[in-house]
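# next come a sequence and a model predicted from it.
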Amino acid sequence: MGKKEGFDHDPSEGSSSVSEKEFDGLCQLCQIEIDTKDKDSYQKEIEQILVHARQLAEVDTTGVDPCYHVLLEVINVMGEDEPHHDLDTEEFLSNAPDRLGTWVRVPRLLQE
């Protein structure tokens, strides 16, 4: 992977320790602010995430095809989109609580 701008070490190296400078850089990159009192806790969580990511990177995936979707076979279960008339206008409007001609009348949402 190589060194990233603003980071002191190569993430592919064995160390999972995140320096304060790296953590601050990560927060800036993510555009988030962390309270000083919570900083140590989040920094330790980031370190644990790096440990797990490193373990995943060590898995031998030789001969394993990439999976581009969580479902192995994606099939379209939707029918053809063909226009048809299930309900005529009068039948539809008969269910409306209030109407004006062929319009459904609804309560005003915005006041002038």
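On my side now, so go ahead.

# now the helix or strand containing Cys27: mean pLDDT?
Element membership for Cys27 (DSSP states H and E) is helix 20-30. In this model, helix 20-30 carries a mean pLDDT of 92.

# pull it out as PDB, backbone CA atoms only.
Taking C-alpha atoms only, helix 20-30 is exported to PDB below (Å, rounded to 0.1, in the frame of the first residue of the first chain):
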ATOM      1  CA  GLU A  20      -1.600  11.100  17.800                       C
ATOM      2  CA  LYS A  21      -0.500  12.900  14.600                       C
ATOM      3  CA  GLU A  22      -2.000  10.100  12.500                       C
ATOM      4  CA  PHE A  23      -5.200  10.000  14.500                       C
ATOM      5  CA  ASP A  24      -5.600  13.800  14.200                       C
ATOM      6  CA  GLY A  25      -4.900  13.500  10.400                       C
ATOM      7  CA  LEU A  26      -7.600  10.800  10.100                       C
ATOM      8  CA  CYS A  27     -10.100  12.900  12.000                       C
ATOM      9  CA  GLN A  28      -9.300  15.800   9.700                       C
ATOM     10  CA  LEU A  29      -9.700  13.600   6.600                       C
ATOM     11  CA  CYS A  30     -13.100  12.400   7.900                       C
END
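
# and the next helix or strand after it, average pLDDT?
Note on helix 20-30: by DSSP H and E, the next helix or strand toward the C-terminus is helix 36-57. Average pLDDT, helix 36-57: 91.

# quick one: the residue of the chain most remote from its centre from Glu90, how far?
Farthest-out residue of the chain from its mean C-alpha position, per C-alpha atoms, centre = their mean: Gly101, at 44.8 Å. For Gly101, the distance to Glu90 (C-beta to C-beta, to the nearest Å) stands at 11 Å. To be clear about C-beta, it is placed using only N, CA and C from the backbone, and glycine gets the same treatment.
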